[in-house]
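1. Kindly generate the corresponding structure for this input.
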Amino acid sequence: MSKSQARSGRKIFTSINTVTIGLFFVLISAVGLVVATQQQEANVHRANELNGVLADKEGPFVNYLLVGSDSREGIDATELKTEHFGTIEGRRSDTVMILHVDNVLDTVSILSVPRDLWLEIPDHGKNRLNSAYGYGADVLVRTIQESLGIPLNHYLEIDFVSFKEIVAALGGVDICFEYPTRDYKTKLEVPTAGCYTLDKSQALAYARSRYFEVFKDGQWQIDGRADLGRIERQQIFLTSAVTKAIEQTTSNPLRTSELVNAAINSLTVDSSLNILETANFLRPLASGGMQRFKLAVLPETIEDKAVLVLGVEAREVLDYFAGVSGPPIK
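-> Take a look at the predicted model:
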């Protein structure tokens, strides 16, 4: 991890309401902010189980479900140990975001949905949101649509392997830290305050961090927000990564193909998503910035599990992303 005077990093660190669009895990930098070729598009895996599950795409808005999978598939035993991935079997949704494109207002918004949110999982009872993905992408989509009331039109998913390949292709991602920082679980280590270019391993350690600590007032202090704190950091990371992708592809169009190739083989999208059209559609919106939203939630213990439940104030955000009301006043 090298020190960097990241031009956009400090602005991103201090300004959270208006951001340059992208996707968490740099999903959109691989799909929506670069121009893919027909050959590259043919290599994308299609989630055919979503046929008939996703909502009609006609209307005044389009919602994209962005999923970061914690699947360890494709990671060898040595890397599992050295990168501190653990040996969890199966798959869960490590990150869930909804990208909302308002065709009337010509704006883009993003909502992070906590993976610990306690919801009704269709046909499987109540559980944390991240468990829904273990039953399949279709169950995750149905959970968002039926339990949160948000129609989803498209689906994009990326895993740990692609995440690291994209970060490497970008030459690292610039993040600013106000204090020395660490996470003993993911092995994130930032020795001093300042702006850094995180390499692929440290970038993943930052994006996955749930035991985030800063050295302040002479002692290590843990961010007790767990999943909620991680959501905030992931959106900061998202902004920085996509800003860098835009800068690189604008100044050097040849970088476009390199960034797409870095993720294309591990990318999963719904069967009807046209990557070329999506790229051309989202790129102009990207430079205009977007609004970030989060759900009002409350911590509870249910069935001996530490979970989050929706607060009353969450309704207006859910209604906006469902397309039944205007954007909440922030």
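2. residues touching D123, list them.
-> Residues in contact with D123, defined by CB atoms under 8 Å, 6 or more residues apart in numbering, are V139. Using the backbone N, CA and C atoms, a C-beta is placed for each residue, glycine as well.
3. is it true that it lies in a helix?
-> No. D123 sits outside any helix when classified using DSSP: H, G, I helix; E, B strand; the rest coil, being coil.
4. Longest helix in this protein, please.
-> For the chain, the helix that runs over the most residues, judged by DSSP state H, is helix 227-251.
5. If you count neighbours, what's buried in that helix?
-> Along helix 227-251, the positions that meet the burial threshold by neighbour count (16 or more other CB atoms under 10 Å) are 227-246, 248-249.
6. What is the three-state secondary structure of E146?
-> Here E146 is helix, with the state taken from three-state DSSP.
7. Show the contacting residues for it.
-> Going by CB under 8 Å, 6+ apart, the list of residues near E146 reads 120, 122.
8. Make 20 the starting number, not 1.
-> With 20 as the first residue, the last one maps to E165.
9. Report the separation between it and S291.
-> 20 Å (CB to CB, to the nearest Å).
10. in this protein, which spans are helices?
-> Under the criterion DSSP H, helices of the chain are mapped to 28-33, 46-49, 57-61, 96-101, 148-151, 156-166, 179-189, 219-227, 246-270, 273-282, 294-305, 333-341.
11. Show me what the last one is packed up against.
-> I take that to be helix 333-341. Taking 3 or more CB pairs under 8 Å, 6 or more residues apart in numbering; DSSP states H and E as contact, the helices and strands that helix 333-341 lies on are strand 112-121, strand 126-131, strand 309-313.
12. Around W239, how many other residues sit close by?
-> For W239, the tally of surrounding residues (other CB atoms under 10 Å) stands at 13.
13. now it: how far from L337?
-> Distance from W239 to L337, counting by CB to CB: 36 Å.
14. Please apply the same query to P347.
-> As defined by CB to CB, P347 lies at a distance of 10 Å from L337.
15. Neighbour count for these two, which is higher?
-> Using other CB under 10 Å, the more surrounded residue of P347 and L337 is L337, with 20 against 15.
16. Please tell me I have it right and that one contacts L167.
-> Yes. The criterion here is CB atoms under 8 Å, and L337 meets it with L167 at 5.8 Å.
17. Count the residues that sit near Q164.
-> A total of 19 residues lie near Q164 under the criterion other CB under 10 Å.
18. no no, P346
-> By other CB under 10 Å, 16 other residues sit near P346.
19. Enumerate every residue touching it.
-> For P346, the residues meeting the contact criterion (CB under 8 Å, 6+ apart) are 121, 124, 126, 128, 310, 339.
20. quick one: low-confidence parts of the protein?
-> Counting by pLDDT under 70, the ranges of the chain that qualify are 20-60, 89-113, 179, 268, 272-285, 295, 298-308, 349.
21. Ramachandran angles for the closest residue to E335 other than its chain neighbours?
-> Nearest non-adjacent residue to E335, counting by CB to CB, 6 or more residues apart in numbering: P347, 4.6 Å away. According to degrees, to the nearest 10, the main-chain angles of P347 amount to phi -60, psi 150.
22. Just want the phi and psi numbers for E197.
-> Summarising the backbone geometry of E197 under the convention degrees, to the nearest 10, its torsions are phi -80, psi -30.
23. State the number of residues packed around it.
-> 11.
24. For it, which non-adjacent residue is closest in space?
-> Once its chain neighbours are removed from consideration, E197 has its nearest residue in A212; the separation is 5.7 Å (CB to CB, 6+ apart).
25. ok, V81 - contacts?
-> Under the criterion of CB under 8 Å, 6+ apart, the contact list for V81 reads 119-120, 122, 172-173.
26. Bridge partners for it, pull those for me.
-> In this structure, V81 has beta-bridge partners V120, where bridges are defined by DSSP bridges.
27. Against D125, how distant is it?
-> Distance of V81 to D125, given as CB to CB: 12 Å.
28. What of H64?
-> For H64, the distance to D125 under the criterion CB to CB works out to 31 Å.
29. Repeat that for L175.
-> As defined by CB to CB, L175 lies at a distance of 21 Å from D125.
30. The two - which one has more neighbours?
-> L175 (27 against 10).
31. so the more buried one sits right up against V160, yeah?
-> No. With the criterion set as CB under 8 Å, L175 and V160 do not qualify as a contacting pair; they are 11.7 Å apart.
32. who touches the nearest residue to K313 once chain neighbours are set aside in this structure?
-> Using CB to CB, 6+ apart and skipping the chain neighbours, the partner closest in space to K313 is S131 (5.9 Å). Contact analysis of S131 by CB under 8 Å, 6+ apart lists 43, 114-116, 250, 253-254, 311, 313-314.
33. go again using 6 Å as the cut-off
-> Each residue near S131 by CB atoms under 6 Å, 6 or more residues apart in numbering is listed here: 116, 250, 313.
34. Next, count neighbours for the last one.
-> K313 is surrounded by 16 other residues when neighbours are defined as other CB under 10 Å.
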